[in-house]
Structure formats: C-alpha cells, structure tokens
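Colleague: model this:
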Amino acid sequence: MATTSACCVSWRQRRDYDLVAEVTQPEWTDKAAEAGTRYRYLVQTFVPQSDNRVAESDLSEPLEVTPEPVAPARPPDCARWPGPIPSSWPGSRR
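Modeller: The predicted structure is shown next:
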C-alpha cells in the first residue's frame, strides 16, 4: 500500500470547469474574477506518484459565486488635513 504525506497534496482550482490554478494550500483567491459575473468553481485534490503518475480525487460539486463590487476604503481621519491648506507659513518668503 502506498503512503503519502500531507506536504505532497495539492489542489486544482477550476472556474467553469477550466483549470485556473494548482496550489499547495486549500485556500485560494481568484484575483481575475470580475464583480457581478457569475462563476462556477470546482476543486480537485491530487498527489504526484512515482513514474510520473498522479492520484486524483473526483471533482467537487460546483459552487456558484457572483462576486460583489467592493467599495473603495475611506481614508483614515488622520490622513485628512483639518482645514484649508495654507499658501504661506511663518518663515516663508511670501
């Protein structure tokens, strides 16, 4: 019986059945996903074996996701000037 270690397990991430990533951690973020577009994601685990063979799981059940638009972050209060920007200050030649 062949044994494997957890360090050798990888995951294939699929979007609409197309392979988009092979990762060594189960967490993955699709940075190419566009807000408002519906996607179907599937995952498959695999473990490389000897002789260039690979042990693969079945594909997971599809998970449909529609990313929401992300509002830009508001600057922190300390980043805003408290009043009008002076055009001169003490010691200036104006």
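
Colleague: what sits up against the lowest-mean-pLDDT helix or strand in the chain?
Modeller: Here the helix or strand of the chain ranked lowest by mean pLDDT, DSSP states H and E is strand 54-56, holding a mean of 92. The contact list for strand 54-56 (C-beta atoms under 8 Å, 6 or more residues apart in numbering) reads 4, 44, 45, 46, 47, 48, 49. Just so you know, the C-beta spots here come from the backbone N, C-alpha and C atoms, and that holds for glycine as well.

Colleague: Give me the distance from it to the chain's centre.
Modeller: 25 Å (C-alpha atoms, centre = their mean, to the nearest Å).

Colleague: and what of stretch 47-63?
Modeller: With C-alpha atoms, centre = their mean as the basis, stretch 47-63 stands 22 Å off its chain's centre.

Colleague: quick one: terminal-to-terminal distance for it?
Modeller: Criterion C-alpha to C-alpha, to the nearest Å; first-to-last residue distance in stretch 47-63 is 23 Å.

Colleague: With stretch 18-35 instead?
Modeller: With C-alpha to C-alpha as the measure, stretch 18-35 spans 19 Å from end to end.

Colleague: Could you pull out the buried residues of that stretch?
Modeller: Buried residues in stretch 18-35, counted by 16 or more other C-beta atoms under 10 Å: none are found.

Colleague: and the spatially most central residue of the chain, how far is that from residue 20?
Modeller: Taking C-alpha atoms, centre = their mean, the centroid of the chain lies closest to residue 29, which sits 1.8 Å from it. Computed as C-beta to C-beta, to the nearest Å, the residue 29 to residue 20 distance reads 11 Å.

Colleague: And residue 27, by the same measure?
Modeller: Distance, residue 27 to residue 20, by C-beta to C-beta: 14 Å.
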